[in-house]
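> Below are the sequence and a predicted model; questions follow.
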Amino acid sequence: MNRTAAQVHGWLLLLPTAVLLAAFTHYPAGATLWHSFFSTPKPNRPAVFSGLDNYRAMAEDPVFWQSLANNLWFALGTIPVSIALALLMAIWINGRLRGRAFLRLAFFTPTVLPMIAVANIWLFFYTPQYGLLEQLTGLFGLPNHNWLGSNETALGCLIVVTVWKEAGFFMIFYLAALQAVSPNLYEAARIEGAGPWTIFRRITFPLLMPTTLFVLVNAVINSFRLVDHIVVMTRGGPDNATSLLLYYIYDVGFKFWDSAYAAALTMVLLVILGATAVLQFGFLEKRIHYR
Amino acid sequence: MTRTLETAGAWLLAVLWILPLAYALWAAFHPAEFSARFVLTAPLTFANFETAWNAAPFARYFLNTIMLVTLILAAQLVLCTLAAYAFARYEFPGRDIAFALVLVQLMVMPDVLIVENYRTMSQLGILDSTLAIGLPYMASAFGVFLLRQTFKSVPKELDDAARVEGAGPLQVLWKVYVPLAKPVYIAYALVSVSYHWNNFLWPIIVTNTVNSRPLTVGLQVFASTDQGIDWSIICAATLMTSAPLLVAFLLFQRQFVQSFMRAGIR
């Protein structure tokens, strides 16, 4: 086969994917930026160029700042806990504990269930008065508390659901990595007289660094991408206490139909995701040794 | 001693983890008055499932979801195979840039581009259709990446041998590469199906009638408006919508876990 033919074939093979990606990933990302400099078109008034107006409005929008802050707290609340739990689960399942099959089943099941479905179940856990949590705290004589209805606890409740849903998914990656660690290393460490904690700190954890990075990036993306449970459980309330960035975009774009402002908000999300990518490829990957 | 403690800890966490599902099963299979009262003598019943099934067009939702995941998976398998083959085995100008542009989708997923993609679907005039839900996901950076890695590990000699025998590029792909990548295809298919069976935000945005709504959106409409708050019936509907995946998972647990593992290693 000659060179030109190979080049043409290569592009032809790529073409369908390239067209769809351009239409539904690259074009919308660019269009988001473009439209964020215009006003929202109305039936009797087409969109006009408005410069940085949308961004100025954003800077003065308390709901935007709250959603951003909520999202950061949400990320801080979900990421470390779900990663730590995932690692713990993987080590337990990889070790020779009794009933490993059941453990794996229990930890992994939330991953295959739709978020929308489990959110409905969790909703009942948190229901005031006759919900399960209320019954439980009632047994201990604690006063009634509206878990999803109060500013202090609503976001925490969503964090719990998210950790529960994600930990088992991340566990899988740790499990795969743990099974690839050579038993000789542990053998050698034990001969040297290292205890279980030293072995974890000096062998297991460093060897799992690439996995931790992979899981971390996924966890960060998920914390900005996953809002299904908010639609079911709180709709961003009470008083926007559980409004995350993407949920606010959804609200602005599809309840208030303010597409230009939603585009400006989306830009913030894109910048955050872009920064994550830069951090991953430019910084973290260089500092971690690969197998 | 530590071992016993560890086992106890693991079991405690596992029980905690399975509790929500166990509760849903309890509520769904018992009459409403027992939805928050746990007595072992409570009578079992299928009535909640019957009520839920008849209260909303779940049959149609099931059909919509099955069509949706089939459409997306079929398109993904074909497109990703072709693109991965190009990246793994062809030299062409702009290949590395093109690959980087494909990988952009790993970070900027269709899930966050809802506003502009909605505009596009509306301009194409295909709002409220299975096609509109599926289109943004058909080209998958994740699938291209996964298959490219796999194709690269296929010995070049097999490729050359097939070409010497006169096979064209697509024949080589179909006869040599695809069969060797079968486990990866299974892994990818499982991940894709469970992702799109469960997907919610984009479908709720582009659909607004029973004709195209997938199960997740149907469940949400059902639980928030049609039903008030009868937990037993909501739990029954919840289990019903998750049942196919859940049953498949319980039957093929090992394959599921291994597939997710395989899909995660890069």
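Great, that's in hand.
> Enumerate every residue touching the closest residue to residue B:119 other than its chain neighbours.
Once flanking residues are discounted, residue B:119 sits nearest to residue A:259: 7.0 Å by CB to CB, 6 or more residues apart in numbering or on different chains. C-beta: built from backbone N, CA, C; applies to glycine. Residues counted as contacts of residue A:259 (CB atoms under 8 Å, 6 or more residues apart in numbering or on different chains) are A:35, A:40, A:41, A:253, B:115, B:119.
> Could you dump those residues into JSON lines with secondary structure, pLDDT and neighbour count added?
Below are the contacts of residue A:259 laid out as JSON lines (DSSP: H, G, I helix; E, B strand; the rest coil; pLDDT from 0 to 100; neighbours: other CB atoms under 10 Å in any protein chain shown):
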{"residue": "A:35", "secondary structure": "helix", "pLDDT": "91", "neighbour count": "25"}
{"residue": "A:40", "secondary structure": "coil", "pLDDT": "85", "neighbour count": "19"}
{"residue": "A:41", "secondary structure": "coil", "pLDDT": "85", "neighbour count": "13"}
{"residue": "A:253", "secondary structure": "helix", "pLDDT": "90", "neighbour count": "24"}
{"residue": "B:115", "secondary structure": "helix", "pLDDT": "92", "neighbour count": "26"}
{"residue": "B:119", "secondary structure": "helix", "pLDDT": "92", "neighbour count": "17"}
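> just the residues you listed now: which is nearest residue A:211?
Nearest to residue A:211 out of the contacts of residue A:259 is residue B:115 (CB to CB; 34.2 Å).
> Averaged pLDDT, the longest helix belonging to chain B. What do you get?
For chain B, the helix with the greatest residue count under DSSP state H is helix B:58-89. Averaging pLDDT along helix B:58-89 yields 94.
> Stretch A:7-27 too?
Averaging pLDDT along stretch A:7-27 gives 92.
> ok, and for it, which residues are buried?
For stretch A:7-27, the buried set under the neighbour-count rule, 16 or more other CB atoms under 10 Å in any protein chain shown, comprises A:7, A:9-11, A:13-14, A:16-18, A:20-21, A:23-26.
> can you list contacts of the helix or strand containing residue B:261?
According to DSSP states H and E, residue B:261 maps onto helix B:253-264. Identification of contacts with helix B:253-264 by CB under 8 Å, 6+ apart yields A:101, A:104-105, A:108, A:111-112, A:169, A:172-173, A:175-176, A:214, B:142, B:146, B:183-184, B:186-188, B:190-191, B:248-249.
> go again using 6 Å as the cut-off
Residues outside helix B:253-264 that contact it (CB atoms under 6 Å, 6 or more residues apart in numbering or on different chains): A:172, A:173, A:176, B:187, B:190, B:191, B:249.
> Next: stretch A:162-174.
Contacts of stretch A:162-174 (CB under 6 Å, 6+ apart): A:78, A:81-82, A:85-87, A:89-90, A:107-108, A:110-111, A:211, A:215, B:260-261, B:264.
> And stretch A:15-35, by the same measure?
Contacts of stretch A:15-35 (CB under 6 Å, 6+ apart): A:260, A:263, A:266, B:79, B:83, B:105, B:108, B:110, B:113, B:116-117, B:136, B:138-139.
> So what's the gap between it and the chain middle?
23 Å (CA atoms, centre = their mean, to the nearest Å).
> CA atoms of it as CSV?
Only the C-alpha atoms of stretch A:15-35 are listed here, as CSV (Å, rounded to 0.1, in the frame of the first residue of the first chain):
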residue,chain,number,x,y,z
LEU,A,15,-13.9,10.8,9.8
PRO,A,16,-17.2,9.6,11.5
THR,A,17,-15.7,10.0,15.0
ALA,A,18,-14.1,13.4,14.1
VAL,A,19,-17.4,14.8,12.7
LEU,A,20,-19.4,13.8,15.7
LEU,A,21,-16.8,15.0,18.2
ALA,A,22,-16.5,18.3,16.4
ALA,A,23,-20.3,18.7,16.3
PHE,A,24,-21.0,17.8,19.9
THR,A,25,-17.8,18.5,21.9
HIS,A,26,-15.6,21.0,20.2
TYR,A,27,-18.3,23.2,18.5
PRO,A,28,-20.4,23.5,21.6
ALA,A,29,-17.4,24.3,23.7
GLY,A,30,-16.5,27.1,21.3
ALA,A,31,-20.1,28.2,20.9
THR,A,32,-20.4,28.5,24.7
LEU,A,33,-17.6,31.0,24.7
TRP,A,34,-19.1,32.9,21.7
HIS,A,35,-22.7,33.0,23.1
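> that older thread, return the subset of the contacts of stretch A:162-174 lying in helices.
A:78, A:81-82, A:85-87, A:89-90, A:107-108, A:110-111, A:211, A:215, B:260-261, B:264.
> residues from the stretch 151-291 of chain A in reach of chain B?
When proximity is defined by CB under 6 Å from any CB of the partner chain, the stretch 151-291 of chain A lies next to chain B at A:172-173, A:176, A:225, A:228, A:253-254, A:259, A:262-263, A:266, A:269, A:273, A:277.
> Mind putting these into JSON lines with secondary structure?
Conversion of those to JSON lines gives the following (DSSP: H, G, I helix; E, B strand; the rest coil):
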{"residue": "A:172", "secondary structure": "helix"}
{"residue": "A:173", "secondary structure": "helix"}
{"residue": "A:176", "secondary structure": "helix"}
{"residue": "A:225", "secondary structure": "helix"}
{"residue": "A:228", "secondary structure": "helix"}
{"residue": "A:253", "secondary structure": "helix"}
{"residue": "A:254", "secondary structure": "helix"}
{"residue": "A:259", "secondary structure": "helix"}
{"residue": "A:262", "secondary structure": "helix"}
{"residue": "A:263", "secondary structure": "helix"}
{"residue": "A:266", "secondary structure": "helix"}
{"residue": "A:269", "secondary structure": "helix"}
{"residue": "A:273", "secondary structure": "helix"}
{"residue": "A:277", "secondary structure": "helix"}
